[in-house]
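# Here is my input; please provide its structure:
(4 chains)
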Protein chains: 2
Amino acid sequence: MKTKENSEEILSSLANEGFRITRLRKAIIGVFTGNGLPMSADELMEILRSGNTAFNKTTVYREISFLKERGVIQEIQFLHERVKRYELASLEHHHHLVCLRCNRVEDIVLENDLAEQERSILNSKGFKVTNHMLEFHGICRGCHS
Amino acid sequence: MKTKENSEEILSSLANEGFRITRLRKAIIGVFTGNGLPMSADELMEILRSGNTAFNKTTVYREISFLKERGVIQEIQFLHERVKRYELASLEHHHHLVCLRCNRVEDIVLENDLAEQERSILNSKGFKVTNHMLEFHGICRGCHS
DNA sequence: TTGACAAACGCAACTAAGTTGCATTAAACT
DNA sequence: AGTTTAATGCAACTTAGTTGCGTTTGTCAA
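Sure, this is the predicted structure:
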């Protein structure tokens, strides 16, 4: 999955909005831009640790909510998990295929996505959809062959 | 949303499979069959409490996973929440409209659902979808009028 | 280059939501 | 009525995050 933005772009746009470019902020944005798949807070900390970046749990959680509020990353919740996951918000809009056997996650882009369904929801229910969350569960190629 | 099964049917089918019909099991199944919307463990306990049904937290959680494993109820996870929710599995297959302003949840049944998308996922990715989870976020009629 | 200011940080203690181990109780069959 | 084992209750624990508050440090202006 390719991203529209890189680390430098995100950092300078945050700086322009008046936020500080700290050691940890830089490192965390670096991890997200270098890593395609949805990451939990714990996995993020694992990666920081393995890169010898010192951090404090509270600060990491605060940075995650900061980046989420600013729209840099987006939250994902898989049905079968209890942790929240995060990925760059600037990734192309896509959904996830979750394999129930090996737990691997694959990205997928739908051609027409759900435009038609969302139009019909507005018509029939008066509910204006601004976003949706779609997750497919099943068995991946590797696991049923 | 109408259900295909009532409390009696669920209880007698569990009894046939050799499980015991206990006071709490009966009460919990009664709550689920009498209640359309997805409930958290906490809300379930609230309802039990208000009906003067004595219970223990551990037992309620164990009963929820029992009913989930037996396929009586199914788990739902809303993106913006941290709790798991549960509803009768015998409800017609549907999705949820979650209003970001008032937090109310409405059920929706899609005409063709995602059959087409799932076919194309099998063709292009070799991933056999067995289930999906779809949640629409937006503003309900009451909130934008 | 040095202050000043507030954003960001670190620590410890706390919370919410659920889980585990183990001893006890009670459905349901004989 | 006795036996079996599913189901229960309690206390202690865990996971995933959150809060309060005093301290540090980017950034800008003098």
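
# Report the separation between the residue lying farthest from the centre of chain A and B:Leu122.
Here the centre of chain A is the reference, and by Cα atoms, centre = their mean the most remote residue is A:Ser124, at 31.2 Å. A:Ser124 is 29 Å from B:Leu122, where distance means Cβ to Cβ, to the nearest Å. Backbone N, C-alpha and C define where each C-beta goes, glycine included.

# cool, A:Leu48 as well?
38 Å.

# what does A:His96 give?
For A:His96, the distance to B:Leu122 (Cβ to Cβ) stands at 16 Å.

# Give me the more crowded residue out of the two.
A:His96 (20 against 14; other Cβ atoms under 10 Å in any protein chain shown).

# Neighbouring strands of the host helix or strand of that one in the sheet, and parallel or not?
Using DSSP states H and E, A:His96 sits within strand A:95-99. When pairs are called by DSSP bridges, strand A:95-99 turns out to pair with strand A:105-108 (antiparallel), strand A:128-139 (parallel).

# okay, that strand in PDB with CA atoms only?
In PDB, the C-alpha atoms belonging to strand A:95-99 read as follows (Å, rounded to 0.1, in the frame of the first residue of the first chain):
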ATOM      1  CA  HIS A  95     -10.100  -2.500   3.900                       C
ATOM      2  CA  HIS A  96      -8.600  -5.600   5.500                       C
ATOM      3  CA  LEU A  97      -8.800  -9.300   4.900                       C
ATOM      4  CA  VAL A  98      -8.200 -11.100   8.100                       C
ATOM      5  CA  CYS A  99      -7.200 -14.800   7.900                       C
END
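
# can you give me phi and psi for the residue most central in space within chain A?
Taking Cα atoms, centre = their mean, the centroid of chain A lies closest to A:Glu87, which sits 1.9 Å from it. When read as degrees, to the nearest 10, the backbone of A:Glu87 gives phi -140, psi 160.

# same check, this time on the one 3 residues further on
With angles defined as degrees, to the nearest 10, A:Ser90 shows backbone torsions of phi -80, psi 0.

# That one is in contact with A:Ser13, isn't it?
No - judged on Cβ atoms under 8 Å, A:Ser90 makes no contact with A:Ser13 at a distance of 10.8 Å.

# need the contact list for A:Arg49.
A:Phe55 (Cβ atoms under 8 Å, 6 or more residues apart in numbering or on different chains).

# How far off centre is the helix or strand containing it?
According to DSSP H and E, A:Arg49 maps onto helix A:41-50. With Cα atoms, centre = their mean, to the nearest Å as the basis, helix A:41-50 stands 15 Å off its chain's centre.

# Also stretch A:38-51?
Taking Cα atoms, centre = their mean, one finds the center of stretch A:38-51 at 14 Å from the center of the full chain.

# if you look at it, does any of it touch DNA strand C?
No - Stretch A:38-51 does not reach DNA strand C (Cβ under 7 Å from any atom of the strand); its nearest approach is 10.7 Å.

# Give me the angle between the longest helix along chain A and helix A:41-50.
In chain A, assigned by DSSP state H, the helix with the most residues is helix A:57-69. Taking axes from the mean of the first three to the mean of the last three Cα atoms, to 10 degrees, one finds helix A:57-69 and helix A:41-50 inclined to each other by 120 degrees.

# for helix A:57-69, which positions count as buried?
Within helix A:57-69, the residues that count as buried by 16 or more other Cβ atoms under 10 Å in any protein chain shown are A:60, A:63-64, A:66-67.
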